[in-house]
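Student: okay, structure incoming, though there's no sequence with it:
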């Protein structure tokens, strides 16, 4: 039996492969790892089964010249597509080298396939959130009247975070904000996990904050895929605090934008929202103060008018009282002499009557009418008990008197 060398076997495989794959073919595979060297891109491709196990794998290469040609065709460039975990549709030409083995030579990439996969996952996430009643949950939370204690989730080196902080601290109204930064990746394969962990940490201390803000700088469309993750969106929707999002995009809308309390395009737009929210509160306070001042002035005016009316009424009543008193004094002054004269006449008549009575009751007049007065020791006797036998008594008559002795 003839024995072949390894080189002979690989050479035969190369010839068979070249004979059967004279043209490039389109394949679909998941990108497991990507590397770059001297402008060339080296990719590890895998296909996974239903349970997540790898059922096929291969190495692929995208040479620098072809990378530049493909990259130039897309406004967003090709680099965002070469990310671990994404499913790519690629045009490849299988090549086999006696020494290096099988390698897939990539000649073209279809970005629409990847975007279609992401859109499908996004729709599934939205449908699940809607079924669970979470899509509108965070928007139902009421914003505090003043937003000052802000929990901010962002990458420490993100340009959007710097813009947010500078815009917030440099507001022309002098509002002060207390921002606590929770560091997390805002793009890449770790973004969803780290943002979710930051949200969980904030939820445990929700009484220390007024709202949650997630900000990042601009980026490619695929950089937003972390914000469509189901677990992240479920956590965000159930936050006990209003969630404000400004992740730096102009056209695309993530699931996180849909469920957030307030979604804005950029970090600076979020800062403007916070400042304007507090400005509205201050305006309401100033308007209420002005209304209160006007109401107080109106009440003071009404009370002043009431006081003036009361003062006029008091003055009129006092004047009427004085005039009445003057009229009474005039009447008294006019009638007093008449009253005095009449009173004097009556008193004179009364005195005359008393004098007549006194005259009638005078002892001398009584004696003239035939009465007599019996005296003992100069005192009139009114009872027989006042005298005893042998007492000398005097009886006075109209004319003269008698001296008697009691028997």
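Tutor: Yep, it's here. Just so you know, these numbers come straight off a predicted model, no measurement behind them. Residues are numbered from 1 along each chain as shown.

Student: contacts only, for residue 242.
Tutor: Counting by CB atoms under 8 Å, 6 or more residues apart in numbering, residue 242 touches 138, 141, 142, 143, 210, 211, 212, 261, 262. Bear in mind the C-beta positions are built from the backbone N, C-alpha and C, glycine included.

Student: can you verify my assumption that the second one contacts residue 237?
Tutor: The one in question is residue 141. No. Look at residue 141 against residue 237 with CB atoms under 8 Å: they stay out of range, at 10.6 Å.

Student: returning to what we had before: counting neighbours, which of the contacts of residue 242 comes out on top?
Tutor: The most neighbours of any of the contacts of residue 242, using other CB atoms under 10 Å, belong to residue 212, which has 26 neighbours.

Student: mind checking how far that one is from residue 241?
Tutor: Distance from residue 212 to residue 241, counting by CB to CB, to the nearest Å: 5 Å.

Student: what sits in contact with each of the two?
Tutor: 151, 202.

Student: now render the contacts of residue 242 as CSV, adding distance to residue 48.
Tutor: Converted to CSV, the contacts of residue 242 look like this (distance: CB to CB, whole Å):
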residue, distance to residue 48
138, 33
141, 39
142, 45
143, 44
210, 43
211, 39
212, 34
261, 37
262, 38
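
Student: now, which of those sits nearest residue 149?
Tutor: residue 210 (4.7 Å; CB to CB).

Student: tell me the contacts of that closest one?
Tutor: 144, 146, 147, 148, 149, 150, 241, 242.

Student: at 10 Å instead, please
Tutor: By CB atoms under 10 Å, 6 or more residues apart in numbering, the residues touching residue 210 are 143-151, 177-178, 241-242, 274, 277.

Student: repeat that for residue 36.
Tutor: Residues in contact with residue 36 (CB under 10 Å, 6+ apart) are 42, 62, 64, 67, 79, 82.

Student: restricted to helices, list these.
Tutor: 64, 67 (DSSP state H).

Student: so residue 403 makes contact with residue 395?
Tutor: Yes. Residue 403 lies in contact with residue 395 (CB atoms under 10 Å); the separation is 8.0 Å.

Student: pick out whichever of the two has more residues nearby.
Tutor: Using other CB under 10 Å as the criterion, residue 403 and residue 395 rank with residue 395 on top: 14 against 8.

Student: related to what we said a few turns ago, including neighbour count, distance to residue 91 and pLDDT, could the contacts of residue 36 go into JSON lines?
Tutor: Shown next, in JSON lines, are these (neighbours: other CB atoms under 10 Å; distance: CB to CB, whole Å; pLDDT from 0 to 100):
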{"residue": "42", "neighbour count": "14", "distance to residue 91": "17", "pLDDT": "90"}
{"residue": "62", "neighbour count": "26", "distance to residue 91": "11", "pLDDT": "91"}
{"residue": "64", "neighbour count": "13", "distance to residue 91": "17", "pLDDT": "90"}
{"residue": "67", "neighbour count": "20", "distance to residue 91": "13", "pLDDT": "89"}
{"residue": "79", "neighbour count": "15", "distance to residue 91": "18", "pLDDT": "71"}
{"residue": "82", "neighbour count": "19", "distance to residue 91": "15", "pLDDT": "76"}
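
Student: would you point out the most distant pair within the contacts of residue 210?
Tutor: Within the contacts of residue 210, 145 and 151 form the most distant pair, 18.0 Å apart (CB to CB).

Student: who has more neighbours out of these two?
Tutor: residue 151 (26 against 12).

Student: if I look at the more buried one, how far off is residue 396?
Tutor: 132 Å.

Student: tell me the confidence at residue 336?
Tutor: The per-residue pLDDT reported for residue 336 equals 82.

Student: wait, residue 283
Tutor: 92.

Student: now the element after the helix or strand it falls within, going C-ward?
Tutor: Applying DSSP states H and E as the criterion places residue 283 in helix 267-361. Counting by DSSP H and E, the next helix or strand C-terminal to helix 267-361 is helix 363-368.

Student: and stretch 198-213, end to end?
Tutor: Using CA to CA, to the nearest Å, one end of stretch 198-213 lies 11 Å from the other.

Student: residue 261 versus the residue lying closest to residue 246 once chain neighbours are set aside, what's the distance?
Tutor: Of all residues not flanking residue 246 in the chain, residue 270 sits nearest, at 3.7 Å (CB to CB, 6 or more residues apart in numbering). Counting by CB to CB, the gap from residue 270 to residue 261 is 11 Å.

Student: now for those two: what residues contact both?
Tutor: With CB under 10 Å, 6+ apart as the test, residue 270 and residue 261 both reach 211, 244, 245.

Student: beta partners of the second one?
Tutor: Residues found in beta-bridge contact with residue 244 (criterion: DSSP bridges) are residue 213, residue 262.

Student: do you know the pLDDT at it?
Tutor: Reported pLDDT for residue 244: 95.

Student: tell me the centre residue of the protein?
Tutor: The chain has residue 145 as the residue nearest its centroid, 2.9 Å off, counting by CA atoms, centre = their mean.

Student: lowest-pLDDT helix or strand in this structure?
Tutor: Every helix and strand of the chain was ranked by mean pLDDT, DSSP states H and E. The lowest is helix 363-368, at a mean of 72.

Student: listing partners with orientation, what would you give for the following helix or strand past that one?
Tutor: Sequence-wise, the next helix or strand downstream of helix 363-368 (DSSP H and E) is strand 373-376. Neighbouring strands of strand 373-376 in its sheet, by DSSP bridges, are strand 379-380 (antiparallel), strand 392-396 (antiparallel).

Student: now, of those strands, which is deepest in the fold?
Tutor: Looking across these with neighbours counted as mean count of other CB atoms under 10 Å, the highest average goes to strand 392-396: a mean of 15.

Student: got the contact list for that strand?
Tutor: Contacts of strand 392-396 (CB under 10 Å, 6+ apart): 363-364, 367, 371-378, 380-381, 386-387, 401-406.
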